[in-house]
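Give me a model of this one.
(one chain, ligands or ions: 1)
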Amino acid sequence: MPEPPTLADQMPRSLGMALLTILGVGPGDPDLITMAGLKALRQARTVAYPVAQPGGEGMAARIAAPWLQLEQRHLPLHFPMTTAPEPCRQAWRRAAQRLAQAVAESPPVVLLCEGDVSLYASASYVVLQLQRMAIPQLKMRLIPGVTAMAAAAAATHWPLALQTQQLLIAPAPETPTALDVLLAKAEVLAVHKVGQRWAWLREALEQRGLLRQALVAERVGWPDQRLIPAAELPPGACSYFSLVLVRQAWPPVLPWDRDDAGATG
Ligand SMILES: C[S@@+](CC[C@H](N)C(=O)[O-])C[C@H]1O[C@@H](n2cnc3c(N)ncnc32)[C@H](O)[C@@H]1O
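Sure thing, here's the model as predicted:
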């Protein structure tokens, strides 16, 4: 089993202009791209982006579309929708090689990434692979993006964590028992990759008295976004691009006095 990279391996070695920028474009609204991201995009000669199928469009590319320029070279990178290790590794290696080649041929290169670059992102594997390849002339920079979770919290005016509260970010568990394990660890859960699992997750939240303290954010930032109190979303599948925010408790100190029923509404 290969050793994971050490912290020292991972740290950037040089400053100066990045030849490869891994850019978080946010969850959907093109206006949520940062100023740093926009600058990097404007300077890029090659724009790479993940696609789930060869010839497909890709979410990150759609988000960044208003900021792309006609003369930029497009480099779709195919990441298959599978968890099988070998096809994933092949895709990550191939993507890293193609990016390294693009850096040699038409720099600077930007790799677009939906949301943030460090949260459940294919780009993270490409970064790890490029670090392993240790190409001396490849100066790489990562620009963070707004996560879907942060955008969902802002869109619904839903504070993610307050005071000493713990926030747990997790993919949707596979079973009610696995949900209980998550619930035991944190006051607030941000459940990602919901999709088909909403069918049973809704029932499990209801049984635990948490349905009314949860909300579903589907396709945040897209024209068809839905922000729904979880109790109002019927059982069934929801989009893969959905997350569920669950609050188990509020902290002790709030702007209103807990005993003041009138003030709390
Ligand atoms: C592969 S992860 C990518 C996360 C992304 N890198 C981020 O920073 O938010 C995909 C999961 O993120 C969540 N997600 C991504 N974009 C979303 C959006 N626009 N609306 C709601 N959830 C989204 C969903 O839970 C989805 O299953």
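
which parts of the stretch 51-200 of the chain sit against the ligand?
114-116, 119-121, 147-149, 152, 192-194 (CB under 6 Å from any ligand atom). (Glycine included, C-beta is placed from N, CA and C.)

Just put these in CSV and tack on pLDDT.
Below are these laid out as CSV (pLDDT from 0 to 100):
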residue, pLDDT
E114, 98
G115, 98
D116, 98
L119, 98
Y120, 97
A121, 97
T147, 98
A148, 98
M149, 98
A152, 98
H192, 98
K193, 96
V194, 95
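
Now a PyMOL select for only the buried ones of those residues.
A single PyMOL command selects the buried members of those (16 or more other CB atoms under 10 Å):
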select buried, resi 114+115+116+119+121+147+148+149+152+192+194
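
between the residues of the stretch 51-200 of the chain next to the ligand, which is nearest the ligand?
Closest to the ligand out of those is G115 (2.2 Å), distances taken as CB to the nearest ligand atom.

So that closest one sits against G26, correct?
Yes - using CB atoms under 8 Å, G115 is in contact with G26, at 6.5 Å.

what do these two both touch?
Shared contacts of G115 and G26, defined by CB atoms under 8 Å, 6 or more residues apart in numbering, are found at G145, V146.

Which of the residues of the stretch 51-200 of the chain next to the ligand fall in strands?
H192 (DSSP state E).

Let me know the distance separating the nearest residue to A91 once chain neighbours are set aside from the ligand.
Among residues not flanking A91 along the chain, F79 sits closest, at 5.0 Å (CB to CB, 6 or more residues apart in numbering). Distance, F79 to the ligand, using CB to the nearest ligand atom, to the nearest Å: 10 Å.

Report the contact partners of F79.
F79 neighbours (CB under 8 Å, 6+ apart): P50, V51, A52, C88, A91, W92, A95, S122.

Report the contact partners of the second one.
It refers to V51. V51 sits next to E57, G58, A61, P76, L77, H78, F79 when contact means CB under 8 Å, 6+ apart.

and the third one, that one's in a helix?
Yes - with the criterion set as DSSP: H, G, I helix; E, B strand; the rest coil, the secondary structure at A61 is a helix.

what's around the closest residue to L162 other than its chain neighbours, how many residues?
Closest residue to L162 apart from its sequence neighbours, by CB to CB, 6+ apart: P251 at 4.7 Å. Other residues near P251 come to 12 when the count uses other CB atoms under 10 Å.

Same question for L70.
Quick note: L70 (other CB under 10 Å) scores 4 neighbours.

Show the backbone phi and psi for it.
phi -60, psi -40 (degrees, to the nearest 10).

measure the residue nearest to L162 to A190 for me?
Per CB to CB, to the nearest Å, P251 is found 17 Å from A190.

how about the longest helix belonging to the chain: buried residues?
Using DSSP state H to assign secondary structure, the helix with the most residues in the chain is helix 85-105. Within helix 85-105, the residues that count as buried by 16+ other CB under 10 Å are A91, W92, A95, A96, R98, L99, A100, A102, V103.

What of stretch 60-76?
Of the residues in stretch 60-76, those buried (16+ other CB under 10 Å) are A60, A61, R62, I63, A64, W67, L68, L75, P76.

What strand or helix carries L254?
Assigned by DSSP states H and E, L254 belongs to no helix or strand.

ok, T34 touching V117?
No - with contacts counted by CB under 8 Å, T34 stays clear of V117, the gap being 11.3 Å.

More neighbours: which of these two?
More crowded of T34 and V117, by other CB under 10 Å: V117, with 23 against 16.

now the strands: where do they sit in the stretch 151-265 of the chain?
Secondary structure of the stretch 151-265 of the chain (DSSP state E, counting those that start in this stretch): strands located at 167-171, 188-192, 214-218, 226-229, 242-247.

Parallel or antiparallel, list what pairs with the second one.
Taking DSSP bridges as the criterion, strand 188-192 pairs within the sheet with strand 167-171 (parallel), strand 242-247 (antiparallel).

contact partners of the last one?
Spelled out, it's strand 242-247. So strand 242-247 is in contact with 148-149, 152-153, 156, 158, 160, 172, 183, 187-192, 194-195, 198, 201, 205, 210, 213-219, 230, going by CB under 8 Å, 6+ apart.
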